[in-house]
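In: Requesting a structural model of the entry that follows:
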Amino acid sequence: MYQEERLLKILDYLKTHNQVSNQEICSMLDISRDTARRDIIKLVEEETAIRTHGGIALPHFKEEIKAYKERLTTASKQKYQIGKEASTYIMDGDLCFLDVSTTIKFLCEHLKASSILYTHSLDNAEMLSTKEFVELNILGGNFNQKNRFFYGPEMISQLNDICFDKVFLGSAGISSDGIYYADEEDAYIKKIVSKRAKQVFLLADYEKFNHTSYYKAMSFLDVDTLITDKEPPGNFIELLNNHGVQIELVREGVEN
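Out: Here you go, the predicted model:
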């Protein structure tokens, strides 16, 4: 088979699948790795494909990757802003529970108050372990490796004996009927601590609205303050106001 024929077959495959690996090209065309490499170089030189890790993709796939990376960067900046803002609500002497989430980890990073903190998040614990002014209590139990938090009956028993000044929670999704999470055990922990706190702070970026997940943990009646990066959609503003939830928008400018 001539190279031109092979290139056309590769391009036909890319039109359907967007990307293809070196090994797939070898198998599909029954050619050696050296031949596949030469075909790849030719397609890249002619700008009909772009290199990826282990293969090639259509050029528009590059734009999709770029857009996805930009969304991730924007989301991280929003979480950073929300976490930093939330850290200012913890005062010296406060007894607080800190949830497991990227946003809460940013809160831990910026925390400056001499406070008593409980968390079931391994990432939070690692971050807070560097802060000598914090009294850190790690809630133990079985370890969820995927989302890096602990859970178990002993933890629930311990939580039921604590009255928190403030609880800071993230979310997987916020629907019109409440706040949702991906893990059943984690959702149950949030349900417990939200009932054991004088103040409940919900930290959520704008993208969480009108999204749901598997397990509902709280209604809006359980939340005192929402800290977010943009004004919520109109239907949520009405819901939040009707349930007495204070809406706090993060301030612009996150650099120290």
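In: Off-centre distance for stretch 30-43?
Out: Taking Cα atoms, centre = their mean, to the nearest Å, the mean C-alpha location of stretch 30-43 is offset from the chain mean by 39 Å.
In: residue ranges with poor pLDDT in this structure?
Out: Along the chain, the parts satisfying pLDDT under 70 run over 61-75, 252-256.
In: The spatially most central residue of it and Thr225: what is the separation?
Out: Ranked by distance to the mean C-alpha position of the chain (Cα atoms, centre = their mean), the top residue is Thr102 at 5.5 Å. According to Cβ to Cβ, to the nearest Å, Thr102 stands 19 Å off from Thr225. Just so you know, the C-beta spots here come from the backbone N, C-alpha and C atoms, and that holds for glycine as well.
In: and if you look at Met91?
Out: Applying Cβ to Cβ, the value for Met91 to Thr225 is 14 Å.
In: Looking at those two, which is more packed in?
Out: Between Met91 and Thr225, counted using other Cβ atoms under 10 Å, the more crowded position is Thr225 (17 against 12).
In: Spit out the contact partners of the more buried one.
Out: Listed by Cβ atoms under 8 Å, 6 or more residues apart in numbering, the contact partners of Thr225 are Tyr89, Gln199, Val200, Phe201, Leu202, Val245, Gln246, Ile247, Glu248.
In: related to what we said a few turns ago, could you list every residue that touches the residue nearest to the centre of the chain?
Out: Thr102 makes contacts with Ser76, Lys79, Gly170, as judged by Cβ under 8 Å, 6+ apart.
In: Closest to Arg37 out of the contacts of Thr225?
Out: Leu202 (52.5 Å; Cβ to Cβ).
In: and the closest one, how far is that from Tyr2?
Out: When distance is defined by Cβ to Cβ, Leu202 is 63 Å away from Tyr2.
In: Tyr214 now?
Out: 53 Å.
In: Of those two, give the one with the bigger neighbour count.
Out: Between Tyr214 and Tyr2, counted using other Cβ under 10 Å, the more crowded position is Tyr214 (12 against 7).
In: burial of the residue nearest to that one when sequence neighbours are not counted, as a residue count?
Out: The spatially closest residue to Tyr214, leaving aside those adjacent along the chain, is Ala182, at 5.8 Å (Cβ to Cβ, 6 or more residues apart in numbering). For Ala182, the count of nearby residues is 13 (other Cβ under 10 Å).
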